[in-house]
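Colleague: Build the 3D model from these lines:
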Amino acid sequence: MAITLTPASLVLVAVITEPRDLEIARVFGWYRIPLRTAPKVVAVDYLAFYQTKAFNEQKWRIQYIAPVKGHELTTRGQLLREEVDHPHASDEYYKIQLGPLEKLSQPVLSEKWRRLTFLYTTGEYLLNARTLNDLVVHSEERKVLWKALRDRMAYEEEYQVNQEHDEVLDDGLIAILLGIDGIQEQL
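Modeller: I've put the predicted structure just below:
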């Protein structure tokens, strides 16, 4: 799939700690961010996913992006219904609705392990980056980036969730996809 990212696109780099979460983004078209740790602006054009050591040989890199279609506030329990006993099940989360995942032609690598949660950048920086350091917006362009973020924050109430109907999926299929043991025996 060809990258539809433009140089002026506003991009939020977000950490993705588990391969399961990348599969949820790919198959179900959403990504979750806890409200208590969320960046101030989630109304961006794209999410770029920074993969942690859980991805083994594919660790410490950005190789996938996805267009953002909207967002809504919900609870972790509503997002991950099979985890109703999770300690954070009642915590509020942003559900970022995504378009199809797109693979970068060349991954953006970390020269060494980095503690990263969120980083704002632009499409131009992402398209030209070879390392995570290349994503940091400097000088006058930084002022433009922050102005764009402030503008998005000011109009966030008008940023509407794309009202697509969620497909109802069989619990067994969800359990297999997410690697959850025990649900299949209950069905």
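
Colleague: Which residues does the longest helix along the chain contact?
Modeller: The single longest helix within the chain, with elements called by DSSP state H, is helix 139-154. Helix 139-154 has contacts (CB atoms under 8 Å, 6 or more residues apart in numbering) with Leu10, Lys40, Val41, Ala43, Val44, Tyr120, Thr121, Thr122, Val137, Tyr159. For the C-beta atoms, the positions are set from N, CA and C on the backbone; glycine is no exception.

Colleague: Mind doing that once more with 6 Å?
Modeller: Leu10, Val41, Ala43, Val137 (CB atoms under 6 Å, 6 or more residues apart in numbering).

Colleague: now stretch 118-138
Modeller: By CB under 6 Å, 6+ apart, stretch 118-138 touches 5-7, 9, 11-14, 39, 108-111, 114, 145.

Colleague: likewise stretch 44-52?
Modeller: Taking CB under 6 Å, 6+ apart as the rule, stretch 44-52 contacts 5, 9-17, 58-59, 61-62, 64-68, 116.

Colleague: Now do it, average pLDDT.
Modeller: Computed over stretch 44-52, the mean pLDDT rounds to 95.

Colleague: so how far is it off the chain centroid?
Modeller: Relative to the centre of its chain, stretch 44-52 is centred 5 Å away, using CA atoms, centre = their mean, to the nearest Å.

Colleague: Alpha carbons only: can I get it in CSV?
Modeller: Extracted as CSV, the C-alpha positions of stretch 44-52 are listed here (Å, rounded to 0.1, in the frame of the first residue of the first chain):
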residue,chain,number,x,y,z
VAL,A,44,-3.9,14.4,14.6
ASP,A,45,-3.7,13.2,11.0
TYR,A,46,-1.6,10.1,11.6
LEU,A,47,-0.4,7.8,14.3
ALA,A,48,3.1,6.3,14.0
PHE,A,49,3.8,3.2,16.1
TYR,A,50,7.1,2.9,18.0
GLN,A,51,7.6,-0.8,18.7
THR,A,52,9.1,-1.9,22.0
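
Colleague: Leu135 and Tyr64, how far apart?
Modeller: Leu135 is 15 Å from Tyr64, where distance means CB to CB, to the nearest Å.

Colleague: before we move on, what about Ile33?
Modeller: Ile33 is 16 Å from Tyr64, by CB to CB.

Colleague: cool, and Val27?
Modeller: Distance of Val27 to Tyr64, computed by CB to CB: 13 Å.

Colleague: And Ala14, by the same measure?
Modeller: On the measure of CB to CB, Ala14 and Tyr64 end up 11 Å apart.

Colleague: Same drill for the two, tell me which one is more crowded.
Modeller: Neighbours were counted for Ala14 and for Tyr64 using other CB atoms under 10 Å; Ala14 has more, 24 against 20.

Colleague: Next one: the more buried one relative to Lys112, how far apart?
Modeller: In terms of CB to CB, Ala14 sits 20 Å off from Lys112.
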